[in-house]
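**Q** Below are the sequence and a predicted model; questions follow.
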Amino acid sequence: MHIPDGILPASVCIAGYAIAAPFAWYSLRQINRLKDPTEELPKASLLTAAFFIASSINIPVPPSSVHLVLNGLLGSILGYFAFPAILVGLFFQAIMFGHGGLTTLGVDAVMMGVPALVAHHIFQLRHVFRQKLGEKLATSIFAFLAGALGLGLSAVIFFFLVITNIPSGFDAQTEQAAVYGLTLAHLPLMLIEGTFTLLLVAFLQRVKPELIERRG
Amino acid sequence: MRFELDEYAYLDSPLHRWEPRFKLIGLLVLIFAFAFIRDLRLVPVVLAIAATLYSLSRMPLSFLISRLRYPGFFLLGVILLLPFLSGETVIWQWGVLTLRQEGVLAMLLVVGRFLAIMTTALILMGTTPFLTTVKTMRSLGLPSLIADMTLLTYRYLYDIAANLSTMQQAMRLRGYGTSNRKNLPFVPDLRELGLLASLAGTLFVRSYEQSERIYKAMRLRGYGSEKFKVHPVYAGPTSSPTTLKTWSGVGLVCTLLVATGLVVAEIL
């Protein structure tokens, strides 16, 4: 889910960079407040590469298959490192595969990165409900929500941007219907993404709990 | 390890010799000027500019075509959808298929801008070694954390990809994907989803453990000990002969003039 070069006017591309900048600045500030940011850097970098590669795994959904976006999971695991990780990942996707683009890097970063940060905070909510729901259930519920909403928010931003910026003539009503329709079409994908995030977090909780306890 | 985009980064052409900082600024401004156009009459102009730059770079046409293969699917989508869905003026109708003038024009604009931007971005990235590009971005103010992350991610991307393909092969050898169970359409098999989640999870765990070893190795080599000093990888000598600097400056001014010309032409 990337907006390629050429489809958005320059003003929207520049606005994308302008909106992405404060999020990047805030994320970097939060990272620099960590006890030892340099220790976290190689971990975040290799996990970024792993996310980038893992998003290429095909999930069979008969009769076809889908790729996951994994931005909710990225936010849950990397915390504030998620935003720079997404910038780096999108940069590679743009220059290596022509997936996304350099002009739309800011817009794409907002579209993927802001929901990732939201997902990070949703996943942190598990600490609040830990007492009430129990550790395992709270982690599962909030992992699912983080995964599903990460993708859902990105889908809403994506369709809104694409449909309102196509250079010529849909009327407002058609645009609105298309945004709603396409977002609704993403509900099953949100369920898959949420379930995948839940299963993966459960796996990490069993195998390497420190990975999900890290705070970016 | 060789980065795919570095394949033609060591040719000898005016664009390869162009000082990386001037090139980055010049071509990025040009790319944004391309994104700025809305007037269809300017589309051939931007395509001609991109084509001229590409021929100046001396990179083979097959390289450009191979880079356009993946985004070609997007192009196909735009070509197939816009002319039939967008706009009011019908120019051709056959059954339920209606070709609309506004949609055709929008399609030409999007495709034209896309091709010009993609080609120029490829020239920018393809005529400079990747490490130099990151170094240049760092010298132009990219935060060191993002630059370090870019380099480390780039360094281990292919390792991790190889790791995943080994694990997927191991899964297949143990019988994954050979089950004859019939699934309902559009409903993923939960067990299969669990296996793939474990696959991705194992990839994360392995990467995480590898990163711990890398961090220790980096510390032993002094990483992080001089917090405010520029990382050695970014502090390479940037001196170049005066004539080259002059020509690079001329190149930058020309590119900025062309970009300004496009924006002015669009506004007028």
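**A** Arrived safely, thanks for sending.

**Q** what secondary structure does the closest residue to chain B within chain A sit in?
**A** Residue nearest to chain B within chain A (Cβ to the nearest Cβ): A:Gly6, separated by 3.0 Å. Glycine gets a C-beta too; all of them are placed from N, C-alpha and C. Under DSSP: H, G, I helix; E, B strand; the rest coil, A:Gly6 falls in the coil class.

**Q** Apart from its chain neighbours, what residue comes closest to it?
**A** Spatial nearest neighbour of A:Gly6, excluding adjacent residues (Cβ to Cβ, 6 or more residues apart in numbering or on different chains): B:Phe114 at 3.0 Å.

**Q** Do a quick rundown of the helices in the stretch 1-150 of chain B.
**A** B:14-17, B:20-36, B:43-57, B:61-68, B:72-85, B:101-126, B:130-139, B:144-173 (DSSP state H, counting those that start in this stretch).

**Q** Would you mind giving the domain segments of chain B?
**A** Using automatic domain parsing, the domains assigned to chain B come out as B:4-139+B:237-267, B:144-174+B:192-233.

**Q** name the element B:Val205 belongs to?
**A** With elements taken from DSSP states H and E, the one containing B:Val205 is helix B:190-220.

**Q** which other helices and strands contact the helix or strand immediately after that helix in the chain?
**A** Moving toward the C-terminus from helix B:190-220, the next helix or strand (DSSP H and E) is helix B:242-267. Packing partners of helix B:242-267 (3 or more Cβ pairs under 8 Å, 6 or more residues apart in numbering or on different chains; DSSP states H and E): helix B:14-17, helix B:20-36, helix B:43-57.

**Q** Pull the residues that contact the helix or strand hosting A:Leu90.
**A** Assigned by DSSP H and E, A:Leu90 belongs to helix A:82-92. Contact with helix A:82-92 is made by A:2, A:20, A:23-24, A:27-28, A:31, A:44-45, A:47-48, A:51-52, A:71, A:74-75, A:78, A:100, A:105, A:108-109, A:112-113, A:116-117, A:119-120, A:216, B:145-146, B:149-150, B:153-154, B:157, as judged by Cβ atoms under 8 Å, 6 or more residues apart in numbering or on different chains.

**Q** ok, now with 7 Å
**A** Identification of contacts with helix A:82-92 by Cβ atoms under 7 Å, 6 or more residues apart in numbering or on different chains yields A:23-24, A:27-28, A:44, A:48, A:51-52, A:71, A:74-75, A:78, A:100, A:105, A:108-109, A:112-113, A:116-117, A:120, A:216, B:145-146, B:149-150, B:153.

**Q** out of these, which are inside helices?
**A** A:23-24, A:27-28, A:44, A:48, A:51-52, A:71, A:74-75, A:78, A:105, A:108-109, A:112-113, A:116-117, A:120, B:145-146, B:149-150, B:153 (DSSP state H).

**Q** Can you turn the buried part of the residues you listed into a PyMOL selection?
**A** The buried residues among the ones in helices among the contacts of helix A:82-92 can be selected in PyMOL (16 or more other Cβ atoms under 10 Å in any protein chain shown) with this line:
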select buried, (chain A and resi 23+24+27+28+44+48+51+52+71+74+75+78+105+108+109+112+113+116+117+120) or (chain B and resi 145+146+149+150+153)
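
**Q** Would you mind confirming that A:Pro115 makes contact with A:Ala148?
**A** No. A:Pro115 lies out of contact with A:Ala148 (Cβ atoms under 7 Å); the separation is 10.5 Å.

**Q** So for the two, which residue has more residues nearby?
**A** Shown here are A:Pro115 and A:Ala148; by other Cβ atoms under 10 Å in any protein chain shown, A:Pro115 has more neighbours (28 against 25).

**Q** which ones are touching that one?
**A** A:Asn71, A:Gly72, A:Leu149, A:Gly150, A:Leu153, A:Ser154.

**Q** let's see it at 8 Å
**A** A:Pro115 touches A:Asn71, A:Gly72, A:Gly75, A:Leu149, A:Gly150, A:Leu151, A:Gly152, A:Leu153, A:Ser154, A:Ile157, counting by Cβ under 8 Å, 6+ apart.
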